[in-house]
Each structure stands twice: as C-alpha cells, then as structure tokens.
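Novice: sequence first, then the predicted structure:
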Amino acid sequence: MLRDATTKKGRHFYGVKFSTDSDIFTAGLREVSDGKADTYVSTTTDILNEISDGHSSEILNNDKSEGEQSFNPQKLVSKLFYHVWTNVEGENIEWNGQIIEYKNGIFKVQYWQDDCERDEDLYELTEQEFKSDLREGNLFIINNTDLDHCYGIP
C-alpha cells in the first residue's frame, strides 16, 4: 500500500494506492481538512471501507437460514487485504497481504509493506482471528476488480 499527501494552494489532499508486481492502482483520493496523522488514518479507513467487496459481512455472518448457503472461506483465496495490529511495544503495524490458501480453519497468508518485496514466508491466521480482526476494523478485504478505478475529488 502506498500513501501520499500534498498541499496545493492551502488545500490538503491525500491518496491511497496499491501496487502489484506489474501495476499500481489508485484506491482513493480525497481532500482532507488537515495534514494530521489521525486524519490520514481515518481517511485510509474510509477509502478501504468504500472499496471493500462485502466479504466482511459474509464472513462474520455464520448463521444460515433454511435454504441459504453458508459462507465458504475458500472464496477468499487469492484476495488481497490490508491488516493493522499493535505490536508488543504498542506501535501500530500496517501490512498488505494476500490469502494464499485456506484449509481446516487456517488461512495461510503472505505479507508485505508499502512497495517492498513480498515476504516469502507464509503466516497462519485462524478463521477466528481473521473474523475478529474484520469485526474490529483491523483487517479489510480489498476488491481487486475495483482497484483500477480512481475515486477522485468531485
């Protein structure tokens, strides 16, 4: 995930992009009220929520009505996501990731930061951890098909 901010003629602008091996996609561009970190964090969250593809609500809804299919976590394999957590020093850590596989209640994920190369190691997230982070707003599933659209300033 790439982030950038600038001020033009007294107006503040902030943008979020995602990079892949071959492309960079604009996730969102906003005019913001100021250049404070809190503003950037809340704007990033707003942009990610806007492009979320609805899997969050499907994952969190374990109950199924009669005749309704339950959610299949296998459908998340290959999806990109944005994950934030607090380390033992109390610092917020932000990582981009991709779900590589799902088996027996465990997601195998690959992480990377900004435009750095992907970590070759795979990490495990239980389905319970995954759902908890989604519920708490610390993990966002990114809809890959919407990333080629720029959500610009009107």
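Specialist: Perfect, thanks for sending it.
Novice: quick one: residues contacting residue 128.
Specialist: Counting by CB atoms under 8 Å, 6 or more residues apart in numbering, residue 128 touches residue 105. For every residue, glycine as well, the C-beta is placed using N, CA and C.
Novice: check what pLDDT it gets.
Specialist: pLDDT for residue 128: 88.
Novice: for the one 3 residues further on, same thing?
Specialist: The per-residue pLDDT reported for residue 131 equals 82.
Novice: can I assume it sits in a helix?
Specialist: Yes: counting by DSSP: H, G, I helix; E, B strand; the rest coil, residue 131 is found in a helix.
Novice: where along the chain do the helices fall?
Specialist: In the chain, the segments counted as helices under DSSP state H are 37-51, 55-60, 127-135.
Novice: least confident of those, on average?
Specialist: For the helices of the chain, where the average pLDDT is lowest is helix 55-60, sitting at a mean of 51.
Novice: got TSV for the helices of the chain, with distance to residue 2 too?
Specialist: TSV is the format used below for these (distance: least, CB to CB, whole Å):
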stretch	distance to residue 2
helix 37-51	11
helix 55-60	23
helix 127-135	22
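Novice: ok, the closest residue to residue 122 other than its chain neighbours - how many residues close by?
Specialist: Spatial nearest neighbour of residue 122, chain neighbours left out: residue 108 (4.6 Å); criterion: CB to CB, 6 or more residues apart in numbering. Per other CB atoms under 10 Å, the neighbour tally for residue 108 reads 15.
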